[in-house]
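**Q** need a 3D model of the following:
(chains A, B and C)
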Amino acid sequence: MAKDDLSTHLKYVGTRPDRPDGLDKVTGRARYGADIAAAGMLHAAVVRSPHAHARIIKIDTSKAEAVAGVKAVVTRADFPTGLTGEDWNLQENTMAGDKALYDGHAVAAVAATTSLLAKEAAELVEVEYEILPHVTDVDEAIKPDAPVIREGAADASVPEGMPANVVKYMEFGHGDIEAGFAEADLVMENTYKTEATHQGYIEPQACMGQLGKDGKGEMWVSTQGHWYIRKMSAAVLGLEASQLRVTPSEIGGGFGGKTTIFMEPLSLALSKKAGGRPVKIVMSRAEVLRATGPTASASMDVKIGMKKDGTLTAARAEFRMQGGAFPGAPVDMALYCAFAAYKLPNVEHIGYDVLANRPKCAAYRAPGSPMGAFAAESLLDEMCHKLGLDPLEVRKKNAVREGDKSSYGPKFGSIGLIETLDALENHPNMQAPLGPNQGRGIATGYWFNHGGETSVSMAISEDGTAQVSVGTPDIGGSRASIALMTAEALGIPYENVRVNVVETGALGVNEPTHGSRATFASGKAAVESTNQAIAEMCRRAAAEWGIAPEAVEWRDGAAHPAGPNAGDFPPMSIQEIAVKMGETGGPISGHHEGNLDGVGASFGAHAVDVEVDPETGRTTILRYLVVQDAGRAIHPAYVEGQYQGGAVQGIGWALNEEYIYDDKGRLQNPVFLDYRIPVASDLPMIDTVIVEVPNPGHPYGVRGVGETGITPPLPALANAIQNAVGVRMRDLPMSPVKVLAAIKAQNG
Amino acid sequence: MSKIHVQTIVNRDPVEFLADPRETLLDCLRDHLGLTGSKEGCGTGDCGACSVTVDGTLISSCLMLGVEAGGKSIETIEGMAQGEDLHPLQRKFIEHAAFQCGYCTPGILVAAKNLLEKNPSPTETEVRYWLAGNLCRCTGYDKIIRAVMDAAEEMRGAA
Amino acid sequence: MKFHSPTSFAEAVVLAQNSEGVLRYLAGGTDVLVQMRAGIVTPDELIDLKKIPGVFDITRTAEGGWTIGVGVSGAQLGAHAELCADWPGVVDGMELVGSTQVQGRATLVGNLCNGSPAADSVPGMVAAGATVSITGPEGDRILAIEDIPAGPGRTNLTKGEMITAINLPPRGENGGDCYLRFIPRTEMDIAVVGCAVNLRLDGDTITEARVSLGAVAPTVLLVQDAADAIIGTTLDDEAVANLMAAASAACNPISDKRGTIEFRTDVAGVLAKRAAKFAYARAKGEVIKGTHL
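**A** Numbers count the residues shown, from 1 in each chain, chains lettered A, B, ... in the order given. Next up, the predicted model:
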């Protein structure tokens, strides 16, 4: 069937049934990371550095160990040595070695019979520090005379002679950048800065680990990817991965922040030392903010050339990002995404990954893309202002289409940017009248989406229902969407499919739920697995009928004789096949695994109307519109949810969220009181439009919808604020303090 | 550290436990009574995930000591449904896809129920301000607000 | 940590007087528990005042004022129609403290004794001319609200002393008050600046006024110059300009994670203007509801 006709034949895909975990989640029964307990379980507390950068002279754990009820204390001395590369980085971040590298860096951990006791004992661990000069700002950290976080951390990409904290360097592009700028009627260049923000999942990291002297262990953990937890924990502790069985709990939000390890291996190290008793570690909110990975902070120079009619001639981006005391700031992704929406004959990208005394950054929804968009989409808007051009028209004029070479190199396949911009233009919000101190801003956003390592099994049960085993934790309704696709392929009701997120022992390696891949990749693999089971059911029916298996076709949940045999036998339903599968050859199942390709990128465009109080600098959002290409929305309510949630995270990043360090490099706001994520009363309803330009690389056209939504709000709000009160904010967050200062500066 | 014997009512059942005076009501509900539906998101009264009612007043159970619970009547998410019958808010939250990860959901449901008991016809703005102390990072609040408004309407119709 | 639940203030005073180490009183607990959790304060003794009879009472005095017990929560204040009608600015200030959930527990006295210059309920009480009743080993005394905070996190209460009630004066005729604060979000933040205005009219002219500012100095301020700027006026443009200037001039703020010196100084004037206009309208008999003005 042709892709275009697909939607008219779909029975389940595109509907909005109740999610399978709904009942558990509205009754408090769903079990998250901290909700488990086991016989003999101990509780852990972690000792953390109060200094941004300090040499660890001595750790004395004797007083803590002497407390009755304390069963184990671990320091770095309890970890294996000789690790290299990212394994070493992970180990060093799990537990500081020679130096504490940021405020909150773990230096010791204690396990005791109660959590109160563990906390008391942790306070008795005596750590002697020699405080070293520190640096937390990326522009300071890249200076030649900045305190050096770690000698020899740079990889081979860094040219000789660069400052010591530059650990990765990149440059790429195409065309003739200078010729491109020469062709332009207007060339503008500005510097933009974004502060680090945290994913802000409401569930703090939590796990329970158990490890015996025999090297066999188990973990229960809130994570986006339990195979990653297994691999990383095994590497850090020198264990065999297969001896660790990791079960994911329900997960209380992740947004990228739960794709890696922080304190999880400590539960195993403590357990082993405590004779194999299970050890539970639950982070406090302050620990989450101080010591789990926020995103990077960025300082970005952007230069764009534009003709009078809005045609882009050239663009250049030079981004400096710090992702904490370890390599890994998403500067590459930020550069790839910055100009991805536009046809650019001449483009140059330069990037620096810089170390600083901050926690090791983790992925955060479309890692890098929001920063790149803030810089590029802000400058583009400033140029439209200068040339008196309509910002939406300019974006449409330069928008990439299928077959265009992307700013970062590869050619685009099927994409829906034009359709997205058209839908934005046609939305009633774009016609809403604006009053004094009100302004409208638009911006686009981009994410590649991701396939990745995926392993899925499905099996037919004896009663003709189906179970699907996936390895991607369900963070926002993916069990519902995978069940819908399986039901569609099988031709049985959605309610007859149960999707389980299974432990590491049950499947091959799965990457985490990241990069907007769960519905795409696990869904695609579930459909492939289902097709295998269908083929087997057709074979069983053919054998019974005594016809060739090729002469059987599957539709509406039953095998039908086809071709020359059509109508010779009544259809054989899935229930009829299942009930006797024991006698006809045994269990019927399917399995699919691989590095799934066929990914389709997702563009989005947002429009926001704001009112700025000129006396206080406070920005109020009047209306907000998200338009994004989903490929196909399997469960539209959860697609809308991704759009809305992503947009609001972007709004938080744009307006109020930031990491605030004092002059000693200590985080000043490790609480939700002062790490200000948006609250319900800050927002209007978030309007959404789902554009569907199907991805030919997925059986139902799925692209992946999770990431893109966080990207456009940053520049869209800056653009709206300029249109409201005339000031251009190039430094996030656009907090009232900064906006009021800008207004006053403008008024002289 | 001597513990204190506490007798109280939770979800209409009499219960008792021994509490260290430093333990919060949330700690006692979760660790001593096995009621893990109330969640800790911050421990400082900033996120609302631990919302319960005490004698009909909405509070953060992380901001009350377990030893203060003696003689009170406490309602948690576990007591919201009557047997198999979900509260209209619980049904509407499923129907409207008003949660993604679901971690903030118990606290929001408890808070919203308390609102509708006091104000059966809240405006959207009133719902938003009432729930301002219930952080949700997944949804952007849109579907939560719609679910609460819809449940209120249904409950008004049924009343 | 020892936990005490006295059933009289006399018993509480003895416990407090004999306490050793770090002592904290537990009313609503919304500050104490946070400080315990963060490890900022680890009390050796905690005295819960909520078992003392009368601490949850809101009582009209013979003179027409109000006595508010130390256990009265923000939710309880907000539900008291007569009190809200008399002192909307005081009640609004309390209702701005934290979330709905925090309102279920937090108290005026706790907010006052926490000693934060940014305490939302304090400017309203100062502007109202409220006092506190204190009991202690040396007997009872009454102090003005503004005399309680000694600096961030400190009070002028001596060892063994504790507040037994808040006293609000009679509202009287033609009076109105208002408290406004500035925060970056719409809820859940600590005030970057707060301002309360309480005034009385004779016809259109302001005859009495008290203006109080929060979060712009080490303690909540009572700003006489700001009051003088509007007394005897009809809150005309010139008076408003003078009020704004006086409010800003009284500021002695710091720059911190929540705001800068410049921002606090500017916005103090803006809030004084806005609060004065609402207070004036209320004094004129307009019913203006809502804490998010």
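**Q** going forward, measure contacts and count neighbours with C-alpha atoms only.
**A** OK.
**Q** residue contacts, residue 118?
**A** Looking at chain A here, since you left the chain open. If you count contacts by Cα atoms under 8 Å, 6 or more residues apart in numbering or on different chains, residue A:118 has them with A:43, A:44, A:45, A:70, A:110, A:111, A:112.
**Q** let's do chain C instead
**A** Neighbour list for residue C:118: C:190, C:191, C:192, C:193, C:194, C:214, C:215, C:216, C:220 [criterion: Cα under 8 Å, 6+ apart].
**Q** mind giving me the PyMOL select for those, buried ones only?
**A** Of the contacts of residue C:118, the buried ones can be selected in PyMOL as follows, counting by 16 or more other Cα atoms under 10 Å in any protein chain shown:
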select buried, chain C and resi 190+191+192+193+194+214+215+216+220
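**Q** show the contacting residues for residue 31.
**A** Using chain A. A:249, A:250, B:36.
**Q** wait, I meant chain C there
**A** C:110, C:111, C:114.
**Q** try it again at 10 Å.
**A** B:44, B:45, B:63, C:37, C:102, C:106, C:110, C:111, C:113, C:114 (Cα atoms under 10 Å, 6 or more residues apart in numbering or on different chains).
**Q** follow-up on the earlier one: which one (most neighbours) among the contacts of residue A:118?
**A** Neighbour counts for the contacts of residue A:118 (other Cα atoms under 10 Å in any protein chain shown) peak at residue A:111, which has 36 neighbours.
**Q** how near is it to residue C:42?
**A** Residue A:111 is 21 Å from residue C:42, where distance means Cα to Cα, to the nearest Å.
**Q** can you map out the strands along chain B?
**A** Remark: strands assigned in chain B by DSSP state E are B:4-10, B:13-19, B:51-54, B:57-60, B:73-75.
**Q** out of the contacts of residue C:118, which are close to chain A?
**A** With Cα under 10 Å from any Cα of the partner chain as the criterion, the contacts of residue C:118 include C:190, C:192 near chain A.
**Q** so which of the contacts of residue C:118 sit within strands?
**A** Within the contacts of residue C:118, residues falling in strands by DSSP E are C:193, C:194, C:214.
**Q** number of nearby residues for residue A:315?
**A** Number of residues near residue A:315 (other Cα under 10 Å) recorded here: 28.
**Q** can you pull the phi/psi pair for it?
**A** When read as degrees, to the nearest 10, the backbone of residue A:315 gives phi -150, psi 150.
**Q** what do you get for residue A:402?
**A** Residue A:402 adopts backbone torsions of phi -50, psi 130, taken as degrees, to the nearest 10.
**Q** please apply the same query to residue C:127.
**A** phi -60, psi -30.
**Q** that one and residue C:194 touch, don't they?
**A** No. With contact defined as Cα atoms under 10 Å, residue C:127 and residue C:194 do not form a contacting pair (11.8 Å).
**Q** anything in contact with each of the two?
**A** C:179, C:212, C:213.
**Q** can you verify residue A:187 is assigned to a helix?
**A** No. If the criterion is DSSP: H, G, I helix; E, B strand; the rest coil, then residue A:187 is strand and not within a helix.
**Q** touching, residue A:600 and residue A:412? I think so.
**A** Yes. Counting by Cα under 10 Å, residue A:600 touches residue A:412, with 9.1 Å between them.
**Q** higher neighbour count, those two?
**A** Remark: of residue A:600 and residue A:412, residue A:600 carries more neighbours, 30 against 16, as counted by other Cα under 10 Å.
**Q** so that one belongs to a helix, correct?
**A** No. Under three-state DSSP, residue A:600 sits outside any helix and is assigned coil.
**Q** quick one: mean pLDDT over whichever strand or helix holds residue A:246.
**A** Element membership of residue A:246 [criterion: DSSP states H and E] is strand A:244-248. Strand A:244-248 shows a mean pLDDT of 98 in the predicted model.
**Q** after it, next one along is what?
**A** Next along from strand A:244-248, by DSSP H and E: helix A:264-273.
**Q** low-confidence regions, the chain specifically.
**A** No chain in the question, so chain A it is. Chain A contains residues with pLDDT under 70 at A:1-8.
**Q** looking at chain B here, not the other one
**A** B:1.
**Q** tell me the domain ranges of it?
**A** Listed by automatic domain parsing, the domain ranges of chain B are B:4-79, B:88-158.
**Q** and the ones you listed as a markdown table, adding distance to chain A and mean neighbour count?
**A** Below are the domains of chain B laid out as a markdown table (distance: least, Cα to the nearest Cα, whole Å; neighbours: other Cα atoms under 10 Å in any protein chain shown):
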| stretch | distance to chain A | mean neighbour count |
| --- | --- | --- |
| domain B:4-79 | 4 | 22 |
| domain B:88-158 | 4 | 23 |
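**Q** dump those domains into JSON lines; add distance to residue A:216 as well.
**A** Listed next are these as JSON lines, based on distance: least, Cα to Cα, whole Å:
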{"stretch": "domain B:4-79", "distance to residue A:216": "28"}
{"stretch": "domain B:88-158", "distance to residue A:216": "31"}
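**Q** right, and these - which one's nearest residue A:315?
**A** For residue A:315, the closest of these is domain B:88-158, at 33.7 Å, according to Cα to Cα.
**Q** as a check, name the ranges of all helices in chain B.
**A** B:25-27, B:88-95, B:105-118, B:124-130, B:142-158 (DSSP state H).
**Q** circling back: would CSV of the domains of chain B with distance to chain C be doable?
**A** Rendered in CSV, the data for the domains of chain B read as follows (distance: least, Cα to the nearest Cα, whole Å):
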stretch, distance to chain C
domain B:4-79, 4
domain B:88-158, 5
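**Q** identify the residues contacting the closest residue in space to residue C:109 that isn't next to it in sequence.
**A** Excluding the flanking residues, the one nearest residue C:109 by Cα to Cα, 6 or more residues apart in numbering or on different chains is residue C:70, at 5.7 Å. For residue C:70, the contact set (Cα under 10 Å, 6+ apart) comprises C:26-28, C:49-50, C:52, C:54-58, C:106-110, C:162-166.
**Q** now residue C:50
**A** Here residue C:50 is in contact with B:68, C:5-8, C:25-28, C:56, C:69-72 (Cα under 10 Å, 6+ apart).
**Q** also residue A:569?
**A** Contacts of residue A:569 (Cα under 10 Å, 6+ apart): A:545, A:559, A:560, A:561, A:562.
**Q** and residue C:121, by the same measure?
**A** Taking Cα under 10 Å, 6+ apart, we find residue C:121 in contact with C:74, C:89-97, C:107-112, C:179, C:194, C:196, C:214.
**Q** quick one: buried ones out of the contacts of residue C:70?
**A** Buried residues within the contacts of residue C:70, counting neighbours by 16+ other Cα under 10 Å: C:26-28, C:49-50, C:52, C:54-56, C:58, C:106-110, C:162-166.
**Q** show me what the strand holding residue A:246 is packed up against.
**A** strand A:206-211, strand A:217-221, helix A:226-237 (3 or more Cα pairs under 10 Å, 6 or more residues apart in numbering or on different chains; DSSP states H and E).
**Q** angle of it against helix A:264-273?
**A** If you take axes from the mean of the first three to the mean of the last three Cα atoms, to 10 degrees, strand A:244-248 sits at 130 degrees to helix A:264-273.
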